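> What follows is a predicted protein model with its sequence.
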Amino acid sequence: MKHFLDLANCDSDELEHLLDLALRLKAEWRAGGNQPVLRGKTLGMIFQKPSLRTRVSFEMAMKHLGGDAIMLGPQEIGLGVRESVPDVARVLSSYVQGIMARVFDHDHVLQLAEHSRVPVINGLSDDYHPCQALADMLTIREQFGSLPGTKLAFVGDGNNVAASVALACAHFGVDFSIATPEGYEMNGRIRGQAAEIAQRNGTTMLMHTRPEAIVADADVIYTDTWVSMGQEDETQERLGEFTGFQVNDALLSRAKPNSIVLHCLPAHRGEEITDDVMDGEQSRVFEQAENRMHAQKAILSHLLA
Ligand code: CP
Ligand code: NVA
């Protein structure tokens, strides 16, 4: 792989290798520190949207691996406004050894990759969040020992996170089901991509409109915000449409006692997830957030070292 853009065009075995590498780098870091395999290398980080986890975990991952990172916020480069996306890619890639970009339009990540001389990593677009999904698989593997045969139930919006989690499940042998309100299903094209990989790897992918229908036999219950970045003007409408899709104690009582709850964060406590569940025994959301850094070390060292 040259870039890390969407998981749809990745090879399942290569992703498996990334997960093994992430586990090894996590253990190495905990045992005293990582080898400086990215010494002398700098990651340019383009952000068109806010971030806590992605921004800090990428920067710390680079530093732990002996490299450096430069933050380029929305006001600084004006991606596609002050300068065309291909020109930003041509210029930035002559200074840095890798580019991470968080954008609105997924096509901007594709254009960066097309015109960059160095690897490009998608740090979230309106369509996908592949770094998140790799960290999620790491979290599930740590919890259950292995991924194939486990079942994940996604409750809520069929958004960028749902899309990447569906693709990751298909690659790693995890059965995926999703319950969304009508009109908020996963995008048909991405559903097709995930279904094709799922079929190849012998896993299932199911769509529902009732959360109760999918949580009973799930090992992992996953949710995300009902209002993604860029959808703020739909807030009132969405809060109404997603009533009944909250991950709360009542929903969790229908799930297996040893199931875990994931959320990519930031959480809107009291909306898609309650305090009781977020802070409860089944929650692994903060381990999951930490794993962003470990998973990204694997991506960075695989692409940049
Ligand atoms: N989960 C995630 O990507 O968090 P940030 O938006 O804070 O980066
Ligand atoms: N779906 C959310 C994820 C945030 C990490 C968003 O796009 O805002």
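Happy to help now that I have it. Computed from a prediction, not measured in an experiment: that's the story for all the values here. Ligands and ions are numbered 1, 2, ... in the order given.

> which parts of the stretch 51-200 of the chain sit against ligand 2?
Counting by CB under 6 Å from any ligand atom, the stretch 51-200 of the chain comes close to ligand 2 at Leu124, Asn159, Asn160, Val161. From N, CA and C alone the C-beta is placed, and that goes for glycine too.

> Between these, which sits nearest ligand 1?
Ligand 1 has its nearest neighbour among those in Leu124, at 5.6 Å by CB to the nearest ligand atom.

> And Val161, which helix or strand is it part of?
Secondary structure assignment for Val161, by DSSP states H and E: helix 160-172.

> From the contact counts, what lies against that helix?
helix 12-30, helix 130-144, strand 151-155, strand 175-179, helix 188-201, strand 205-208 (3 or more CB pairs under 8 Å, 6 or more residues apart in numbering; DSSP states H and E).

> give me that answer again for 7 Å
Here helix 160-172 touches helix 130-144, strand 151-155, strand 175-179, helix 188-201, going by 3 or more CB pairs under 7 Å, 6 or more residues apart in numbering; DSSP states H and E.

> so does it get close to ligand 1?
No: if you take CB under 6 Å from any ligand atom as the test, helix 160-172 misses ligand 1, and the best it gets is 7.7 Å.

> For that helix, list the C-alpha coordinates in CSV.
The C-alpha coordinates for helix 160-172 follow below in CSV (Å, rounded to 0.1, in the frame of the first residue of the first chain):
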residue,chain,number,x,y,z
ASN,A,160,-18.1,7.9,7.9
VAL,A,161,-17.2,5.9,11.1
ALA,A,162,-19.9,3.2,10.4
ALA,A,163,-18.5,2.9,6.8
SER,A,164,-14.9,2.3,7.9
VAL,A,165,-15.9,0.0,10.7
ALA,A,166,-18.0,-2.0,8.3
LEU,A,167,-15.1,-2.3,5.9
ALA,A,168,-12.7,-3.2,8.7
CYS,A,169,-15.0,-5.9,10.0
ALA,A,170,-15.3,-7.4,6.5
HIS,A,171,-11.5,-7.5,6.2
PHE,A,172,-10.9,-8.9,9.7
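
> circling back to that earlier point, most neighbours among the residues of the stretch 51-200 of the chain next to ligand 2, which one is it?
Leu124 (29 neighbours; other CB atoms under 10 Å).

> Am I right that that residue falls within a strand?
No: counting by DSSP: H, G, I helix; E, B strand; the rest coil, Leu124 is not found in a strand; it is coil.

> The residue lying closest to it once chain neighbours are set aside and Gln231, how far apart?
Leaving out its chain neighbours, the residue that sits closest to Leu124 by CB to CB, 6 or more residues apart in numbering is Arg102, at 4.8 Å. In this structure, Arg102 and Gln231 are 15 Å apart, going by CB to CB, to the nearest Å.
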